[in-house]
Every structure is written in structure tokens, then in C-alpha cells.
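**Student:** using only what follows, build the 3D model:
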Amino acid sequence: MGSSTKLVLQSKWGRVFLAAPLLLFVLFTACTKNRPSDFQAQIPSYFPEPHYKSHLKEYTTGRFELGKKLFFDPILSTDHTVSCNSCHSQTHGFADHNVRFSAGINGRKGIRNTPSIANLIWYPAFGWDGGVNHIEIFHLGPLTNELEMGTSMAGVLNRLNHDATYRKLFKENYGVDQISDFELFKALTLYIAKIQTYQSKYDAYRQGKATFTSIEKQGYKLFNNHCSKCHTEPLFSDFSYQNNGLDTVFADGGRGKITKEITDYGKFRVPSLRNVALTYPYMHDGRFWNLTEVLEHYSSGILENSQNLSPLLKKDLQLNTNEQKAIIAFLNTLTDFELLADKRFY
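**Tutor:** A predicted model of the protein is given here:
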């Protein structure tokens, strides 16, 4: 299944058949309505407190627009070819464009699938291995990784400080004559902090504003029975690190590379499932191209002799075809069409 594969999504406008992800943007822009007019929309009461509330309080229109300009500007990469947006596209739930590994400078490919950056203000740590423990430091990795933007902090700050427009914008918004990494990370973080997803059909259902179809109800029940211990509502992740039985020999040590603990090898952060219908391929290495393949793995493909296997997965789930279809129907209710069409982010 590649970028030309048909998608079937369930939205509040009915069943949507799409021939290619590129059509998503057109559809969402045309159909989305009743979006909040500003950034003061209430986070649902069933959401936990964000880990990074201060970034919401620091919001100004000018700072947000500066962060957005930086997010879309390839000046941040060493050869001016890669921006943050290159690998985090709004039409794909702020993940990459349905590729296994993102392309960095000179076409270099990464070694892990690019996850969504929505709802990061709720994350206790970042990356598949949790190697970054603060949202502002999150930017340092992609900026300096030789497979991604391939720059140095000295290099990117030199380019920004020699750009009259950026000097003016940072002066206006942060009161500095010389741009430092502190202001750069603040600006990028403020933009990313506003990428929040909680306006899906699932959320409308939780708020009594929508009803599930019979298959969505069945899928929701099955999800709660089999998946919710790790993919915990409402963020659809408990942010733990688990080995889900993909391999017996680990090409990537995952969390173990960070902690150096033998018991952590082969473990990766449980990803959020919000907008999951749009963020394929799946797993840390993008090995599964659709949700059916994912559920087939959990139904009959778990390698029970995998070292450090999650105790929750000692047995295959043994979901039949109809049960898998029901879970996928529920997962489609997590698509946030409002966010995907929100003009403030592009």
C-alpha cells in the first residue's frame, strides 16, 4: 500500500473515499466548518493537564507567526533544502508523507519512521526512545542530525543573525538584538505547542455531540478490551516503552540505547493513535503499510520469544477479520478533520 492507495475514512460528513493523500487537503479545506476562530478553544475536560502549560501562556500572534515561519523555512538546514514541515505535514496529521523513512539533506534517509508532532505539550519525553526529556530541546535533534537537517547550532544562528527579516522579527517578539538558541527554540516550540488534536468524531462522541455507528461502537469496545492498556484515552498513549514482539534480533536497540539497561532493549515508546489513519506506515521502522497489517501482527504475528516482550502481549490477540475491521472503523474516528484543515498552520 503506497501513496496511491485508496483510503476509507469515517468523518462527520460520512464515509470518505480518497485516491491519494494529496486530496485530503482539498477535501478538509472544503468541508471543515465551525472551527474555533482563535487559540482560546477549550481543551476538553477529559484531557489531563499539559506538561508544558507555560508555552500556552507565552502565546502572542507575533510569536506564533515567527515560529510558523521558522517551521516552514529550509534556512534551518545546512544546505537550505529541508524544513521542519518537510517531514511533518499537516495533511498527514503532522507526520511525514507516508514514507518509511524521511529524507534529509542530500536525500539521506533516516533510520526511524517520523511520528506526528501533534499534542506534544502532553508528552513527558520525546522520540521513539524517549531520549529527549524537554520540549524545547526537542528541536536540537533534527537540526543537528546529519541524516536530517545536518546543521550546527553555530551555523543556523549565524544564518538567522545575518537575515534582516529574522533579526527584526526576533527583536519585535523577544526583544533581542542577537538571536540565540534560547529564542530560536522558544519560537519553534510555541508554534508546535499549538498543534493540538481533540476535535475528532471520537471527541464529539465523548462530548455527546455525535453518535457512533454500530461498527464503530463494536470497534470501541474491542479497542478497550485489547488495546487501551497501552493506547490509553484520551491521548491514546500511556507513553510507556514496550517491546511489541516484532523481532527476536534488534537492529535498533530502542529505549535500551538511552538507558543502557538490558531490559530496555527492543522497547519503543507507545505512539499516540490520534489521526492514525493518516500516519502510515506504522511501527518505529515503518514496516506495516496499513492498519490491517498492524492488527494481523497483534492477532497472529507476535514473536513470543522476543526478548523483553511486553507482558501484555504474551499471547496473540486472535482477532478475526470482522473484529479487525471494527477496530479500524473506531480508529478512523480519531481523525481530526478540523486540525488538518486549519489555515492557521499553513
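
**Student:** contacts, neighbours, all on C-alpha from now
**Tutor:** Noted.

**Student:** contacting residues for the residue nearest to Tyr52 when sequence neighbours are not counted?
**Tutor:** Nearest residue to Tyr52, sequence neighbours excluded (C-alpha to C-alpha, 6 or more residues apart in numbering): Ile121, at 5.1 Å. Counting by C-alpha atoms under 8 Å, 6 or more residues apart in numbering, Ile121 touches 50-53, 135, 193.

**Student:** at 6 Å instead, please
**Tutor:** Shown in contact with Ile121 (C-alpha atoms under 6 Å, 6 or more residues apart in numbering): 50-52, 193.

**Student:** can you pick the most crowded of these?
**Tutor:** Ala193 (23 neighbours; other C-alpha atoms under 10 Å).

**Student:** before we move on, the earlier item: tabulate the contacts of Ile121 (JSON lines), appending pLDDT.
**Tutor:** JSON lines is the format used below for those (pLDDT from 0 to 100):
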{"residue": "Pro50", "pLDDT": "95"}
{"residue": "His51", "pLDDT": "94"}
{"residue": "Tyr52", "pLDDT": "93"}
{"residue": "Ala193", "pLDDT": "95"}
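
**Student:** show me those that map onto strands.
**Tutor:** In strands, defined here by DSSP state E, there are no members of those.

**Student:** so where do the helices sit in this structure?
**Tutor:** 22-31, 54-57, 61-72, 84-87, 140-144, 153-161, 164-174, 181-193, 201-206, 214-226, 256-259, 291-296, 321-332, 337-340 (DSSP state H).

**Student:** average pLDDT for the third one?
**Tutor:** Along helix 61-72, the predicted local confidence has a mean pLDDT of 97.

**Student:** list of residues touching that helix?
**Tutor:** By C-alpha under 6 Å, 6+ apart, helix 61-72 touches 83-85, 173, 187-188, 191.

**Student:** with pLDDT and neighbour count added, can I get the residues you listed in CSV?
**Tutor:** As requested, the contacts of helix 61-72 are exported to CSV (pLDDT from 0 to 100; neighbours: other C-alpha atoms under 10 Å):
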residue, pLDDT, neighbour count
Ser83, 98, 22
Cys84, 98, 21
Asn85, 97, 18
Asn173, 97, 16
Ala187, 97, 29
Leu188, 97, 23
Tyr191, 96, 22
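
**Student:** for those, which one is nearest Thr279?
**Tutor:** Asn85 (14.6 Å; C-alpha to C-alpha).

**Student:** distance of the residue nearest to the closest one when sequence neighbours are not counted relative to Gln90?
**Tutor:** Setting aside the residues directly before and after it, Asn85 is nearest to Phe72 in space (C-alpha to C-alpha, 6+ apart), at 5.3 Å. From Phe72 across to Gln90, the span is 11 Å (C-alpha to C-alpha, to the nearest Å).

**Student:** same check on Val249?
**Tutor:** 35 Å.

**Student:** more crowded one of those two?
**Tutor:** Gln90 (23 against 11).

**Student:** residue contacts, the nearest residue to Met283 once chain neighbours are set aside?
**Tutor:** Closest residue to Met283 apart from its sequence neighbours, by C-alpha to C-alpha, 6+ apart: Asn113 at 7.2 Å. Going by C-alpha under 6 Å, 6+ apart, Asn113 touches 100-101, 284-286.

**Student:** ok, these vs Asn224, which is closest?
**Tutor:** His284 (23.1 Å).

**Student:** any idea of the pLDDT on that closest one?
**Tutor:** On the pLDDT scale, His284 gets 98.

**Student:** residues near it, how many?
**Tutor:** His284, neighbours per other C-alpha under 10 Å, totals 24.

**Student:** state the distance from the residue nearest the centre of the chain to Ile135.
**Tutor:** Nearest to the mean C-alpha position of the chain, by C-alpha atoms, centre = their mean, lies Ser116 at 1.3 Å. Distance, Ser116 to Ile135, by C-alpha to C-alpha: 14 Å.

**Student:** check Pro44 too.
**Tutor:** In terms of C-alpha to C-alpha, Pro44 sits 22 Å off from Ile135.

**Student:** neighbour count: these two, which is higher?
**Tutor:** Comparing Pro44 with Ile135 by other C-alpha under 10 Å, the one with more neighbours is Ile135, at 22 against 13.

**Student:** gap between the more buried one and Phe239?
**Tutor:** From Ile135 to Phe239 the distance is 15 Å (C-alpha to C-alpha).

**Student:** spatially, what comes nearest to Cys230 if we skip its sequence neighbours?
**Tutor:** Asp238 (5.4 Å).

**Student:** ok, the one you found touching Cys227?
**Tutor:** No: using C-alpha atoms under 6 Å as the test, Asp238 is too far from Cys227 to be in contact (11.1 Å).

**Student:** can you tell me how far the residue nearest to Gln199 when sequence neighbours are not counted is from Phe236?
**Tutor:** For Gln199, ignoring the flanking residues on the chain, the nearest one in space by C-alpha to C-alpha, 6+ apart is Asp336 at 5.4 Å. Separation of Asp336 from Phe236 (C-alpha to C-alpha): 14 Å.

**Student:** who has more neighbours out of the two?
**Tutor:** For Asp336 and Phe236, the more surrounded residue by other C-alpha under 10 Å is Asp336, and the numbers stand at 23 against 18.

**Student:** now that one: phi and psi?
**Tutor:** phi -100, psi 90 (degrees, to the nearest 10).

**Student:** isn't it up against Tyr202?
**Tutor:** No: look at Asp336 against Tyr202 with C-alpha under 6 Å: they stay out of range, at 8.9 Å.
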